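Peer 1: All I have is the shape, not the residue letters:
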Ligand SMILES: [Zn+2]
């Protein structure tokens, strides 16, 4: 099946054109997406993107189809060529080219993969068989952690939220098989269907692959489910994980031993490469208490089955077809609603992205992100910063004392644009063309060792948490930095310099740069100071005023319903604040441009209309029903259409630009509209 029709996806940089206006009209990335039959005031998302959605149904192999996919498809095509060339290159063992070529070969060699069956797991399965007491059980938790398998112990080395200069070992809740704790308890249609399938079909299928007969498989599935449900019951909800103080509990190892006396923590950390740990930060102490209870409440046989299942589950997508197909059946179709598997080459390239993303990133930015583009967005960060400052100036609800601190924090937001200054060294990663699963295990160990090596060292602030080819961006509160990968600014089918400022400001300045900077000032980010430390800098009165405004946004989003689920206004609050902030701050930055001041229309659209449409372009796309339900339960982001319609309903300029009137579905009375930043 052809995945895309009629979309030219190659980004070509054309020379400057004589008639700029004409070029913009011809290259207009907005006009063909608009659904003129939709009323902007009733459903702006549909108005902005509806024609594209009609012409671009979700392909069978996908859970969603969006601008993200267009960028990703283009990237995969480029990567395919690079991988095929690397396979032919006969490159020296240990070189990046050898790793790329051999990894790809190992994933595509289905004859070998079928022949090997479950044998790549043999060593680990034998270790699980040999578990004979609590100590050997916990040792196996640590061992599995190093190859990326889910166990009840979650750990990583990261910045101390109260002292951003220091790397600390952090422990967090984990251990369950369904996407989050709510799947074990909620009773809406999607959740109940997923849970039933997991218990009745998916888990028994995995235990049969592991050599059990029907009855034994059913029994093991039941035991495993009960164990997971117990862990889920002691796990925090999505919204409760967003309170940074509540999820910060620093303690020495003796404190940790009080929570879980059955775990020898020192040995466990050493086994997972974390050496010389004397204190840790525990996210959810009650969870670790529950793990301790579970160690006696469930038998060693229960635990062994649970670990066998987690081991198989982790590597299922890379094993023989029968096993991989069951993994897809459950995670692809039941949870996400997809109809068929992605072609194998795409799956292998997606895994390769996890395994050696920064190797591929170096190739990506050379082609996609010339210096000129980098400069455009670096300048735009400063334009947004200036606009944000002017917004703080004008806030009528914030005192001068808090404003002073806000200015300081804003001035120190550090932008990383495009790609890292230093690339990660992959020389310690071993890739063998005959061993697909082992390659992925090696990669997990390589990453774990890299993470563990950070303990006791100064923080490396040049590091990136995303690859440049990622269509995403983030704010890291501990570094007070925004990280904006090159791919996020890509508009498929058009060169960056052929897009008018209105669209670029909506697409890049609002939905990306303004959004990420606002994260430093959302309900969670605002609790970190300019140095990235969790430390109060607000007067109590200003804090209260912020919260009452944020509560209005919680209420607004709680009111939106999709399928039979309500959006979780509290869990999505930080994202919704960032969306709204990005839109109003990006807009005032745009108002300073020549295009806005001249006010000329392009294809009948005013500059300000194009700004709002440019923002909506960032959310161009649609998802399957199952995927949206899953998103509402597990994701702190609202569904795409609400990331447009929700915040736009709060912005006065939007009402003016499109003539929205009382009675239109998106109308909110002026006194109920939310304004924070
Ligand atoms: Zn965000």
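Peer 2: Sure, I can see it. Everything numeric here is computed off the predicted structure, so don't read it as measured data.
Peer 1: Would you pull up the residue in the stretch 1-150 of the chain closest to the ion?
Peer 2: Distances between the stretch 1-150 of the chain and the ion by C-beta to the ion are smallest at residue 68, namely 14.4 Å. To be clear about C-beta, it is placed using only N, CA and C from the backbone, and glycine gets the same treatment.
Peer 1: Surely that residue and residue 469 touch.
Peer 2: No. In terms of C-beta atoms under 8 Å, residue 68 does not count as a neighbour of residue 469; the distance is 11.7 Å.
Peer 1: Mind pulling the model confidence for the residue lying closest to residue 601 once chain neighbours are set aside?
Peer 2: Distance criterion C-beta to C-beta, 6 or more residues apart in numbering; nearest residue to residue 601, sequence neighbours excluded, is residue 607 at 8.0 Å. Looking at residue 607, its pLDDT stands at 98.
Peer 1: For residue 607, list the residues it contacts.
Peer 2: The contact partners of residue 607, by C-beta atoms under 8 Å, 6 or more residues apart in numbering, come to 502, 590, 595, 596, 598, 599, 600, 601.
Peer 1: Mark which of these are buried, thanks.
Peer 2: Buried members of the contacts of residue 607, counted by 16 or more other C-beta atoms under 10 Å: 502, 590, 595, 596.
Peer 1: Strands - which of the residues you listed land there?
Peer 2: Using DSSP state E, no member of the buried ones among the contacts of residue 607 falls within strands.
Peer 1: Test my guess that residue 348 contacts residue 107.
Peer 2: Yes. Using C-beta under 8 Å, residue 348 makes contact with residue 107 at a distance of 3.4 Å.
Peer 1: In which helix or strand does residue 25 reside?
Peer 2: Following DSSP states H and E, one finds residue 25 within helix 20-26.
Peer 1: Tell me which other helices or strands the next helix or strand after that helix touches.
Peer 2: Using DSSP H and E, the helix or strand that follows helix 20-26 in sequence is helix 44-55. Applying 3 or more C-beta pairs under 8 Å, 6 or more residues apart in numbering; DSSP states H and E, one finds that helix 44-55 makes contact with helix 607-617, strand 621-623, helix 640-648.
Peer 1: most packed of the ones you listed?
Peer 2: Most buried of the helices and strands packed on helix 44-55 by mean neighbour count (mean count of other C-beta atoms under 10 Å) is helix 607-617; its value is a mean of 27.
Peer 1: Report the angle between it and helix 44-55.
Peer 2: For helix 607-617 against helix 44-55, the angle by axes from the mean of the first three to the mean of the last three C-alpha atoms, to 10 degrees is 60 degrees.
Peer 1: relative to helix 640-648, how tilted is helix 607-617?
Peer 2: 140 degrees.
Peer 1: show me the contacts for the residue nearest to residue 621 when sequence neighbours are not counted.
Peer 2: Excluding its sequence neighbours, the residue lying closest to residue 621 (C-beta to C-beta, 6+ apart) is residue 66, at 2.1 Å. Applying C-beta under 8 Å, 6+ apart to residue 66 gives the contacts 619, 620, 621, 622, 623, 640.
Peer 1: same thing but 10 Å
Peer 2: 49, 52-53, 56, 58, 72, 471, 618-623, 640 (C-beta atoms under 10 Å, 6 or more residues apart in numbering).
Peer 1: do residue 488 as well
Peer 2: By C-beta under 10 Å, 6+ apart, the contact list for residue 488 reads 68, 71, 377, 417-418, 466, 468-473, 507-508, 511-513, 516, 618.
Peer 1: which among these end up buried?
Peer 2: Listed as buried from the contacts of residue 488 are 68, 71, 377, 417-418, 466, 468-471, 473, 507-508, 511-513, 516, 618; burial here means 16+ other C-beta under 10 Å.
Peer 1: Show me those that map onto helices.
Peer 2: Using DSSP state H, the members of the buried ones among the contacts of residue 488 that fall within helices are 68, 71, 377, 516.
Peer 1: In which helix or strand does residue 124 reside?
Peer 2: Using DSSP H and E, residue 124 sits in helix 122-129.
Peer 1: Could you do residue 166 as well?
Peer 2: strand 163-172.
Peer 1: Quick check: buried residues in that strand?
Peer 2: Using 16+ other C-beta under 10 Å as the test for burial, strand 163-172 gives 163, 164, 167, 168, 169, 170, 171, 172.
Peer 1: again, but for stretch 71-82
Peer 2: Buried residues in stretch 71-82, defined by neighbour count with 16+ other C-beta under 10 Å: 71, 72, 73, 74, 75, 76, 78, 79, 82.
Peer 1: and residue 326, how many neighbours does it have?
Peer 2: Counted with other C-beta atoms under 10 Å, residues neighbouring residue 326 total 20.
Peer 1: returning to what we had before: okay, the contacts of residue 66 in a markdown table with pLDDT next?
Peer 2: Formatted as a markdown table, these follow (pLDDT from 0 to 100):
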| residue | pLDDT |
| --- | --- |
| 49 | 98 |
| 52 | 97 |
| 53 | 98 |
| 56 | 97 |
| 58 | 98 |
| 72 | 89 |
| 471 | 90 |
| 618 | 95 |
| 619 | 96 |
| 620 | 96 |
| 621 | 97 |
| 622 | 97 |
| 623 | 96 |
| 640 | 95 |
